[in-house]
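Asker: Sequence and predicted model, in that order:
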Amino acid sequence: QVQLVESGGGLVQAGGSLRLSCAASGGTFSAYVMGWFRQAPGKEREFVAAISWSGTSTYYANSVKGRFTISRDNAKNTVYLQVNSLKPEDTAVYYCAADVHTRVIITSTATNYDYWGQGTQVSVSS
(Lines give C-alpha, C1' and ligand atoms only; values in the text may rest on other atoms or scores of the structure.)
Protein backbone atom coordinates (compact mmCIF):
# COMPACT_ATOMS: atom_id res chain seq x y z
CA GLN A 1 0.00 0.00 0.00
CA VAL A 2 1.37 3.35 -1.07
CA GLN A 3 0.47 6.53 0.79
CA LEU A 4 0.87 9.93 -0.87
CA VAL A 5 0.66 13.25 0.94
CA GLU A 6 0.71 16.56 -0.94
CA SER A 7 1.68 19.92 0.49
CA GLY A 8 2.68 23.38 -0.63
CA GLY A 9 -0.57 24.74 -1.99
CA GLY A 10 -1.88 28.18 -1.17
CA LEU A 11 -3.31 31.45 -2.39
CA VAL A 12 -1.14 33.49 -4.74
CA GLN A 13 -1.57 36.37 -7.12
CA ALA A 14 -1.42 35.89 -10.85
CA GLY A 15 2.18 35.63 -11.98
CA GLY A 16 3.25 34.09 -8.69
CA SER A 17 4.88 30.76 -7.95
CA LEU A 18 4.50 27.79 -5.65
CA ARG A 19 6.35 24.56 -5.09
CA LEU A 20 4.11 21.57 -4.51
CA SER A 21 5.50 18.48 -2.81
CA CYS A 22 4.22 14.92 -2.62
CA ALA A 23 5.77 12.60 -0.03
CA ALA A 24 5.38 8.87 -0.59
CA SER A 25 5.53 6.03 1.88
CA GLY A 26 4.71 2.36 2.03
CA GLY A 27 6.16 1.30 -1.28
CA THR A 28 9.20 1.41 -3.54
CA PHE A 29 9.02 5.00 -4.68
CA SER A 30 11.96 4.78 -7.05
CA ALA A 31 10.18 2.06 -9.06
CA TYR A 32 7.15 4.17 -9.98
CA VAL A 33 6.16 6.69 -12.57
CA MET A 34 4.71 9.66 -10.71
CA GLY A 35 2.17 12.14 -11.97
CA TRP A 36 0.40 15.35 -11.03
CA PHE A 37 -3.24 16.00 -11.90
CA ARG A 38 -5.60 18.81 -11.02
CA GLN A 39 -9.33 19.33 -10.70
CA ALA A 40 -11.08 22.67 -10.80
CA PRO A 41 -14.60 23.15 -9.42
CA GLY A 42 -17.18 21.75 -11.81
CA LYS A 43 -14.53 20.28 -14.10
CA GLU A 44 -13.07 16.85 -14.66
CA ARG A 45 -9.70 15.88 -13.29
CA GLU A 46 -6.99 16.69 -15.83
CA PHE A 47 -3.41 15.63 -16.34
CA VAL A 48 -0.68 18.15 -15.52
CA ALA A 49 2.71 16.40 -15.63
CA ALA A 50 4.45 13.07 -15.09
CA ILE A 51 7.98 11.81 -14.57
CA SER A 52 9.77 8.51 -15.02
CA TRP A 53 11.46 6.67 -12.16
CA SER A 54 14.86 8.21 -12.83
CA GLY A 55 13.60 11.67 -13.61
CA THR A 56 15.14 11.63 -17.08
CA SER A 57 11.78 11.56 -18.87
CA THR A 58 9.01 14.06 -18.27
CA TYR A 59 5.72 14.86 -19.93
CA TYR A 60 3.53 17.95 -19.60
CA ALA A 61 0.08 19.06 -20.56
CA ASN A 62 0.22 21.77 -23.22
CA SER A 63 -1.53 24.19 -20.89
CA VAL A 64 1.37 24.15 -18.39
CA LYS A 65 4.38 23.51 -20.62
CA GLY A 66 7.08 26.10 -20.02
CA ARG A 67 5.54 27.23 -16.73
CA PHE A 68 5.50 24.07 -14.59
CA THR A 69 8.39 21.73 -13.83
CA ILE A 70 8.10 18.25 -12.36
CA SER A 71 11.04 16.68 -10.55
CA ARG A 72 11.71 13.96 -8.01
CA ASP A 73 14.14 13.05 -5.27
CA ASN A 74 14.17 9.28 -4.83
CA ALA A 75 16.32 9.53 -1.72
CA LYS A 76 13.54 11.54 -0.08
CA ASN A 77 10.64 9.62 -1.65
CA THR A 78 9.26 12.92 -2.88
CA VAL A 79 8.02 14.32 -6.16
CA TYR A 80 7.75 18.07 -6.74
CA LEU A 81 5.83 20.37 -9.00
CA GLN A 82 7.25 23.86 -9.41
CA VAL A 83 4.47 26.08 -10.69
CA ASN A 84 5.47 29.47 -12.09
CA SER A 85 3.68 32.29 -13.89
CA LEU A 86 0.42 31.18 -12.34
CA LYS A 87 -2.85 32.17 -13.96
CA PRO A 88 -6.36 32.27 -12.46
CA GLU A 89 -7.24 29.28 -14.62
CA ASP A 90 -4.62 27.24 -12.75
CA THR A 91 -6.86 27.37 -9.68
CA ALA A 92 -7.63 23.77 -8.70
CA VAL A 93 -6.97 21.00 -6.25
CA TYR A 94 -3.68 19.40 -7.25
CA TYR A 95 -3.20 15.67 -6.75
CA CYS A 96 -0.15 13.49 -7.05
CA ALA A 97 -0.48 9.91 -8.19
CA ALA A 98 1.67 6.80 -8.54
CA ASP A 99 1.67 4.31 -11.41
CA VAL A 100 3.19 1.23 -9.76
CA HIS A 101 3.17 -0.90 -12.92
CA THR A 102 5.89 0.89 -14.81
CA ARG A 103 9.14 2.75 -14.30
CA VAL A 104 9.36 4.41 -17.67
CA ILE A 105 6.05 4.48 -19.56
CA ILE A 106 4.57 7.87 -18.83
CA THR A 107 0.86 8.28 -19.37
CA SER A 108 -1.58 11.13 -18.98
CA THR A 109 -4.49 8.77 -18.36
CA ALA A 110 -5.73 9.01 -14.79
CA THR A 111 -7.05 5.45 -14.70
CA ASN A 112 -3.50 4.14 -15.21
CA TYR A 113 -2.48 5.51 -11.83
CA ASP A 114 -3.01 3.27 -8.85
CA TYR A 115 -2.56 5.48 -5.79
CA TRP A 116 -3.60 9.06 -5.15
CA GLY A 117 -3.01 11.67 -2.51
CA GLN A 118 -5.68 13.77 -0.86
CA GLY A 119 -4.81 16.88 -2.84
CA THR A 120 -3.59 20.38 -2.09
CA GLN A 121 -5.50 23.54 -3.04
CA VAL A 122 -3.93 26.11 -5.33
CA SER A 123 -5.86 29.36 -5.72
CA VAL A 124 -4.70 32.13 -8.04
CA SER A 125 -6.21 35.58 -7.78
CA SER A 126 -6.29 38.01 -10.68
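Answerer: Here it is on my side, so go on.

Asker: Need phi/psi at the residue nearest the centre of the chain.
Answerer: Geometric centre of the chain, nearest residue: Trp36, 2.2 Å, by C-alpha atoms, centre = their mean. Per-residue torsions, Trp36: phi -120, psi 140 (degrees, to the nearest 10).

Asker: That one touches Tyr95, doesn't it?
Answerer: Yes. Counting by C-beta atoms under 8 Å, Trp36 touches Tyr95, with 7.1 Å between them. Where C-beta positions appear, they are placed from N, C-alpha and C, glycine not excepted.

Asker: And stretch 43-54, end to end?
Answerer: From the first residue to the last, stretch 43-54 extends over 32 Å; the measure is C-alpha to C-alpha, to the nearest Å.

Asker: mind starting the numbering at 25 from now?
Answerer: In the new numbering, first residue 25, that becomes stretch 67-78.

Asker: What average pLDDT does that stretch get?
Answerer: Mean pLDDT, stretch 67-78: 96.

Asker: Need the contact partners of that stretch.
Answerer: With C-beta atoms under 8 Å, 6 or more residues apart in numbering as the test, stretch 67-78 has contacts from 54-63, 81-85, 88, 92-96, 98, 103, 105, 116, 118-119, 123, 127-128, 130-134.

Asker: For Glu30, which non-adjacent residue is closest in space?
Answerer: For Glu30, ignoring the flanking residues on the chain, the nearest one in space by C-beta to C-beta, 6 or more residues apart in numbering is Thr144 at 4.1 Å.

Asker: so what pLDDT did the one you found get?
Answerer: So Thr144 comes in at 98 (pLDDT).
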